[in-house]
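[1] Coordinates for the following, if possible.
(chains A and B)
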Amino acid sequence: MPLLEVKHMTHYFGGLRAVHDFNLSIEKGEIRGLIGPNGAGKSTVFNLITGIYRPTEGDVLFKGQSIVGKHPYQIAAMGLGRTFQNLRLWRHMTVLEHVKMARYSKLTYGLFGAFFDTRKRRREEAEAEAVARELLDLLGVHNVAHELVTNLPYGMQRRVEMARALAVEPEILFLDEPTAGMNPEELVEMMEVIRQVHAEFGMAIFLIEHRMKFVMELCERIQTLVFGEVIAEGAPEEIQNNPKVIEAYLGEEVET
Amino acid sequence: MTSTAAEKATQSGGVRGALGRFASPFKGVPALGWLFAGLVIALLEMYFGKFLAEGVLGLDKLPALFGSLIIFKKPSLQFPFIFNDLGTIAAVIVYDLVIYAIPLVLVSLLTKGLANKLAGLVYKRSVLVSVLIHILLLYLALRLWTDISTYRELVTRLTMIAVIVTLSLNVINGYMGEFSTSHPGFMAVGAYVTSVFTIALFTNSNYFGEAKLPGSWAPFLFPIALILGGAVAAVSALVVAIPSFRTRGDYLAIISLAFMFIVKSFFENMEVVGGPRGLGGQPDLASFPVIFVWMALGIWIINNFVRSTLGKALNAVRDDELAADAMTVNTRKTKMTAFLFGAFWAGLAGGLLAHVLRYINPGSFGLQKLAEVLAMVYFGGLNSVLGSIVGAVSINLLGEALRPLELYKWIVIPVILILVMIYRPTGLIAFREFDLGEIVKPKDMKEGDDAAA
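    Presented below is the predicted three-dimensional model:
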């Protein structure tokens, strides 16, 4: 049984068909890429699977269970972590608070604990903090644990977001353009981070990326999405040489 | 944020530098030292205040609130316009210096070493005990200070209630970042429910007949009445919460405003509880210690909540709801809980208020009340427990101090608010954590003395 399976997913925004007959099957520990030109519907695919939109047609199975119609927080708690293309960090919260927040679903002390500062709450908060600090350590941002995220350089913010996604204890990690806005140096670092995280936790990774070098090096299989439809699927080399993909990215070659 | 603060500091370096030089000796004074000073001031005024004011300075009576009521008089067109004559003002200033300013400076500086030593001694043994001792001393100082005049006591009791209300609104408007305007409504619900409970059970009234329980039970059942009032207010908050938290946006402001007016006209049309004439004759249950305990409890519980990850979820929802959702936070539940929680404390504060004033009418839970509460929240600072306390105390005291100005009061206070909004848009003390353990810590402790916070 695949970890995540998407069957014939189609989505309309009003009359606009954003995604058409999208199929996907990701096994445990696999790294999968999704590429495509701007506006192809890549982020929409992410939002459909993670529950932000509900697909018009089709089914999404996570660990064999249909997750269509579930709230994003429920899907996340099942073990689906994600990052966002345009860094959705909480501007008034510190780095440590960010990562602790993603442990929300693991907390069981309830409102009583929150109001009366019970022993259970102290223990669970301490546990959450220990997990958070470990992740910050892993991603090399432990020394800014008490900084507000808005005070950090961009590359570090990306790492914080990654740490936050990992605190959900994901079995599959969705990365929406993890290198957007990064310089080549930061890009190499990010690649290292993803490799390291994958080696450490062994979760499946599904990533959207624009930079070919990045996708080619990391992913085992790649799908190419154009105008909401998958036009090619396969190993990186196949995709790289696929005339349809080249056409979608560079335009059709015209005989002169 | 730090960069703008730094810029400001360089701009007005002269004034700030002078202030800093003046304040530097006080930096090392622990909370305990300030409480010592407070106690000394209270005792000094108790034994020496009347003599100084009436015997030496020739004032009519002891100044109740730092003499502001004596300094100001009815506005007039003649010099000095809104102030009393210069001799009286000078007398008041001398009084304030002798009773308040000089002892404050002397005691806090002279006992600095001792206070730090004592604070350290207790702190190292148990933070909890240390916190409790501080609260006890604060209570003692306040109690002695308020014992001198009934007016002062009333103002203090109302201020403490205002602290609860402000905090409860800050949970919604500050921590959650929504704009709720229904707090007077919740207070009204709490006030009426609690009043009906106590009037019907413990007093002989025209409305509810003879007392059903002996009056001696009243102080013990009063907490239940208050919690009931708060709980009913929280349930009534569902009316606002269910429709407005389906989506985010300006809905809450509109719906909650409507709710406030509905509650007001509901009670105006309820003849059983007096209709527009109001409801009076509540037993005298909200004494100074009772309100102090509820305020302390309220601050403790609300502060616990907003500092837990469950409470921090409010900040996450405010700053980016989508991200919060994707990080397993149940956003709808979070918003509903916080809103009901805020309504509960507003209702409870309403109940206390009803038993301080011992008369309530629907008219007093209208727009004016709303403006007051909002002013306290935004003046003090969003997303900050300490800010709410500061906001409630300063706006309340300011309101009382400027009372002689009558209508002009409503020019002066808004101008101050506007200035705060221009120079500190989020309020005086915004976005700060309130850590009692940190406050009661002796100031001479070295960084390494406890684990890095």
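
[2] can we go C-alpha only for contacts and neighbour counts from here?
    Noted.

[3] how about the residues of chain B that lie near chain A?
    B:301-302, B:304-305, B:308-313, B:315-316, B:319-320, B:323-330, B:431 (CA under 8 Å from any CA of the partner chain).

[4] With A:Val245 as the reference, measure out to A:Ala128.
    With distances taken as CA to CA, to the nearest Å, A:Ala128 is found 44 Å from A:Val245.

[5] circling back: any of the residues of chain B next to chain A buried? List them.
    Among these, those classed as buried by 16 or more other CA atoms under 10 Å in any protein chain shown are B:301-302, B:304-305, B:308-313, B:315-316, B:319, B:323-330, B:431.

[6] picking that back up, among the residues of chain B next to chain A, which ones are in helices?
    Counting by DSSP state H, the part of the residues of chain B next to chain A found in helices is B:301-302, B:304-305, B:309-313, B:315-316, B:319, B:323-326.

[7] Which single residue of the stretch 51-200 of chain A ends up nearest chain B?
    Nearest to chain B, among the residues of the stretch 51-200 of chain A, is A:Tyr73, at 3.9 Å (CA to the nearest CA).

[8] A:Tyr12 and chain B, how far apart?
    Noted for A:Tyr12: a distance of 21 Å to chain B, by CA to the nearest CA, to the nearest Å.

[9] what's near enough to touch that residue?
    Going by CA atoms under 8 Å, 6 or more residues apart in numbering or on different chains, A:Tyr12 touches A:Ala18, A:Val19, A:Pro55, A:Thr56.

[10] following the one helix or strand the first one maps to, which helix or strand comes up?
    With elements delineated by DSSP states H and E, A:Ala18 resides in strand A:16-26, which encompasses its position. Downstream of strand A:16-26, the first helix or strand assigned by DSSP H and E is strand A:31-35.

[11] CA atoms only for that next one - export them in PDB, please.
    This file holds the C-alpha atoms of strand A:31-35, laid out as PDB (Å, rounded to 0.1, in the frame of the first residue of the first chain):
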ATOM      1  CA  ILE A  31      11.500  11.700  -2.700                       C
ATOM      2  CA  ARG A  32       9.200  12.900  -5.400                       C
ATOM      3  CA  GLY A  33       9.300  16.100  -7.400                       C
ATOM      4  CA  LEU A  34       6.600  18.100  -9.100                       C
ATOM      5  CA  ILE A  35       7.800  20.600 -11.700                       C
END
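
[12] Mind giving me the packing neighbours of the following helix or strand past it?
    For strand A:31-35, the following helix or strand on the C-terminal side (DSSP H and E) is helix A:42-49. Counting by 3 or more CA pairs under 8 Å, 6 or more residues apart in numbering or on different chains; DSSP states H and E, the packing neighbours recorded for helix A:42-49 are strand A:16-26, strand A:172-176.

[13] is chain B contacted by the last one?
    In this case it means strand A:172-176. No: against chain B, strand A:172-176 shows no contacts by CA under 8 Å from any CA, the least distance being 10.9 Å.

[14] buried ones in the helix or strand following that strand?
    Counting by DSSP H and E, the next helix or strand C-terminal to strand A:172-176 is helix A:184-201. In terms of neighbour count (16+ other CA under 10 Å), helix A:184-201 has its buried residues at A:Leu187, A:Met190, A:Met191, A:Val193, A:Ile194, A:Val197, A:His198.

[15] Closest to B:Ala200 out of the residues you listed?
    Comparing the buried residues of helix A:184-201 against B:Ala200 with CA to CA places A:Val197 closest, at 66.0 Å.

[16] you'd agree B:Leu382 is up against B:Gly427?
    Yes: between B:Leu382 and B:Gly427 there is a contact at 6.3 Å, judged by CA atoms under 8 Å.

[17] Just the local confidence number for the residue of chain B found nearest chain A, please.
    Nearest to chain A in chain B, going by CA to the nearest CA, is B:Thr328, at a distance of 3.9 Å. Listed pLDDT for B:Thr328 reads 95.

[18] Roughly how far does it sit from A:Leu87?
    Note on B:Thr328: its distance to A:Leu87, by CA to CA, is 17 Å.

[19] pretty sure B:Ala253 is in a strand, no?
    No: B:Ala253: not assigned to a strand; according to DSSP: H, G, I helix; E, B strand; the rest coil it is helix.

[20] ok, it touching B:Thr181?
    Yes: counting by CA under 8 Å, B:Thr181 is a contact partner of B:Ala253 at 5.9 Å.

[21] Which stretches in chain A count as helices?
    Applying DSSP H to chain A gives helices spanning A:42-49, A:72-77, A:95-101, A:110-116, A:119-138, A:154-166, A:184-201, A:212-218, A:236-241, A:243-250.

[22] what does the stretch 51-200 of chain B give?
    B:68-71, B:86-96, B:102-110, B:112-125, B:127-147, B:150-170, B:183-202 (DSSP state H, counting those that start in this stretch).

[23] Kindly compare burial across those and name the winner.
    Stretch with highest mean neighbour count among the helices of the stretch 51-200 of chain B: helix B:183-202 (a mean of 27; mean count of other CA atoms under 10 Å in any protein chain shown).
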